[in-house]
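[1] From the sequence below, what's the structure:
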Amino acid sequence: MDDEYAPVRARPAAPKPPKKYDPNKLETVVLELEIERDGTVGSVSVREGPTPFADVARASAKEWRFSPATRNGLPIRARVLAKVLFHPPEPIARVRDTNPASEVPASGAASREPSSAPKPPPTVGTLTHR
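    Below is the predicted model of the structure:
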């Protein structure tokens, strides 16, 4: 009986979004990765996704590490598809006190200036292997 197991990403390192992008739009990149027997990424090609997101995702994927795919307990090379999602930042929740001129972030911070929300890290998931 042949036991075959797909590679599993060992070190999640989500790529940072490009400096210039529409923060209100979800961007998706699909990469094809060739995982070597030692779990390193041998090659990366972009299957779909817009530039500059595809460039950022491809560069980040070269640094990813996996536990290698195995067949009958022995490490083998494998190809996987990985989907990288660049999420828009979460909106800042605001609460208003009795003075309409003073807004305070819901976190309780004392700043009255609107601040930009931190950008959540992109989501990376392995879709399939072959």
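[2] give me the low-pLDDT residue ranges for this protein?
    Residue ranges of the chain with pLDDT under 70: 1-2, 11-13, 94-130.
[3] So which residues of it form helices?
    53-61 (DSSP state H).
[4] Pull out the buried positions in stretch 44-52.
    44, 46, 49 (16 or more other C-beta atoms under 10 Å). Just so you know, the C-beta spots here come from the backbone N, C-alpha and C atoms, and that holds for glycine as well.
[5] Filter those residues down to just the ones in strands.
    In strands, defined here by DSSP state E, the members of those are 44, 46.
[6] Nearest to residue 64, out of the buried residues of stretch 44-52: which one, please.
    residue 44 (9.0 Å; C-beta to C-beta).
[7] who's in contact with the closest one?
    Neighbouring residues of residue 44 by C-beta atoms under 8 Å, 6 or more residues apart in numbering: 31-34, 58, 61-62.
[8] among these, which ones are buried?
    Buried, going by 16+ other C-beta under 10 Å: 31-33, 58, 61, out of the contacts of residue 44.
[9] Show me what counts as buried in stretch 59-71.
    Within stretch 59-71, the residues that count as buried by 16+ other C-beta under 10 Å are 60-61, 64-66, 68-70.
[10] how much space between residue 16 and residue 60?
    8 Å (C-beta to C-beta, to the nearest Å).
[11] Could you dump the buried ones among the contacts of residue 44 into TSV with distance to residue 76 added?
    Shown next, in TSV, are these (distance: C-beta to C-beta, whole Å):
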residue	distance to residue 76
31	20
32	17
33	14
58	23
61	20
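[12] what's the closest of these to residue 20?
    residue 58 (17.6 Å).
[13] Correct me if wrong: the closest one contacts residue 31.
    Yes: Residue 58 is within contact range of residue 31, at 6.4 Å (criterion: C-beta atoms under 8 Å).
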